[in-house]
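Coordinates only, no sequence provided:
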């Protein structure tokens, strides 16, 4: 058994090293590929996804059956599931990426020095990107298309639970690369479920991997952030807050609260904590919670809320730091925008926070004093999504402060270089 295990691990190490070398070889031709070629590839990818819908659904049915057998949670099963509408959305997302401006070569800034030197800061591809993700097979399409548009080869390591679905999607992406005459190794899918493959990516694949983007649960992201030897764009958790101010319109607050929590409970932008201004507890709290309960949401309430709303469970300290990814929400009364800001800055994961308010000063304080990647006013936290931001799609949400923050789209997948033009200047 030991020899077989060693052989299997050795095979995985060799496979991953080969993926890294092939991705690096594809980096230069992809970096200088024309916008027309990249857009042609994207268009062909979208067409291939629509054309292979039946094969995709059949592969997904296998993944779904395996997921049931493995006892995956309801939220995980929802992320795993494909249907015709989600497949069409994948294709449409790729088409939207094709319509975006090509960031590569974009002049970000330019200026001239007193000595006559003309300097430009110009966008360039980041290099070879590794994406490690769980459950959602649509990430295969989103990540592949975004990296291509930004001129980056990508190595995709999907979860074992979605490998059948992701393999069919990946084949469609490769068809698009072939059709446009671009390197087929520009988008590669890790072909093994061996966990050692992730370890090899975290080591950097012999210097061939430039950035890692994890998209999944807390344990995955923690491992990547702890062990990676290359830069990481990631968020650990989406502990997102919705604050209802004393100036909020009640109907708006009800609609936003239900959507923020219940539209899709398993996404990272789902609201996990509801904060209500104590000044409107008698008018706003119960209608909002009644609507949430009617939608099937379980309420975990602090002591004050329990006195006004009986159909709830007592909240514990753990509720304020829990990403439920399920039909559960923690609820607390706070002293106005001051109390909301204090609670959010204490417990937030700095992903997404929203305020429902008509008071412009309260909104400005909320926006200015909370340090999260995404802040919304009078809108659902579920808009925390690159597609909704007009980015076509996103690889994920980054909550760090270096390089990328918020939705990671095509611009965030670029670096830059300086071009300096002179006329014979020498430095004295």
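Yes, it's here. As the structure is a computational prediction, the values presented were derived from the model and not from experiment.

quick one: residue 156 and residue 143 touch, right?
Yes - with contact defined as CB atoms under 8 Å, residue 156 reaches residue 143; the gap is 6.0 Å. (C-beta placed from N, C-alpha, C; glycine too.)

between those two, what contacts are shared?
Both residue 156 and residue 143 are contacted by 131, 133, under the criterion CB atoms under 8 Å, 6 or more residues apart in numbering.

Between the two, which is the more surrounded one?
Taking other CB atoms under 10 Å, residue 156 and residue 143 do not tie; residue 143 has more neighbours (28 against 24).

Ramachandran coordinates for the more buried one?
Main-chain dihedrals, residue 143, degrees, to the nearest 10: phi -70, psi -40.

from what I can see it touches residue 155, true?
No - here residue 143 does not reach residue 155: they are 9.9 Å apart, not a contact under CB under 8 Å.

For residue 93, give me its contacts.
Residue 93 touches 138, 141, 142, 145, 387, 392, 393, counting by CB under 8 Å, 6+ apart.

Could you check the pLDDT of it?
Note on residue 93: pLDDT of 91.

Which helix or which strand is home to it?
Using DSSP states H and E, residue 93 sits in helix 84-99.

Tally up the residues packed near residue 388, please.
14.

Return the residues in contact with it.
Per CB under 8 Å, 6+ apart, neighbours of residue 388: none.

That one belongs to a helix?
No - assessed with DSSP: H, G, I helix; E, B strand; the rest coil, residue 388 is coil; it does not lie in a helix.

Need the contact partners of stretch 159-171.
Stretch 159-171 is contacted from outside by 48-49, 52, 55-56, 59-60, 62-63, 66-67, 70, 72, 76, 80, 82, 90, 133-138, 140-141, 144, 156, 158, 187, 189, 193, 216, using CB under 8 Å, 6+ apart.

Any quick ChimeraX command for the buried ones out of those residues?
If you want just the buried ones from the contacts of stretch 159-171 in ChimeraX, going by 16 or more other CB atoms under 10 Å, the selection is:
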select :48,49,52,56,59,60,63,66,67,72,76,80,82,90,133,134,135,136,137,138,140,141,144,156,158,187,189,216
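
Phi, psi for the residue nearest to residue 113 when sequence neighbours are not counted please.
Take residue 113 and drop its neighbours on the chain: the residue closest to it by CB to CB, 6 or more residues apart in numbering is residue 119, 6.8 Å away. Main-chain torsions, residue 119, degrees, to the nearest 10: phi -120, psi 140.

Quickly list what residue 119 is bridged to.
residue 111, residue 420 (DSSP bridges).

what's the closest non-adjacent residue to residue 40?
In this structure, residue 40 finds its nearest non-sequential neighbour in residue 180, 4.2 Å apart by CB to CB, 6+ apart.

so what's in contact with residue 143 and residue 155 at the same time?
With CB under 8 Å, 6+ apart, residue 143 and residue 155 have common neighbours residue 131.

Low-confidence ranges, the stretch 1-150 of the chain, go.
1-8 (pLDDT under 70).

hmm, try it at 90
Within the stretch 1-150 of the chain, the stretches with pLDDT under 90 are 1-10, 72-76, 78-79, 134-136.

What ranges does it have for its strands?
Here the stretch 1-150 of the chain has its strands, by DSSP state E, counting those that start in this stretch, at 107-112, 118-125, 129-133.

Where does the record place the domain boundaries for this protein?
2-233+411-420, 240-383 (automatic domain parsing).

for these, which one sits closest to residue 405?
Among these, domain 240-383 comes nearest to residue 405, with 5.0 Å by CB to CB.

is it fair to say residue 272 lies in a strand?
Yes - judged by three-state DSSP, residue 272 forms part of a strand.

Now do the same contact list for it.
Counting by CB under 8 Å, 6+ apart, residue 272 touches 238, 239, 240, 241, 322, 323, 324, 329, 330.
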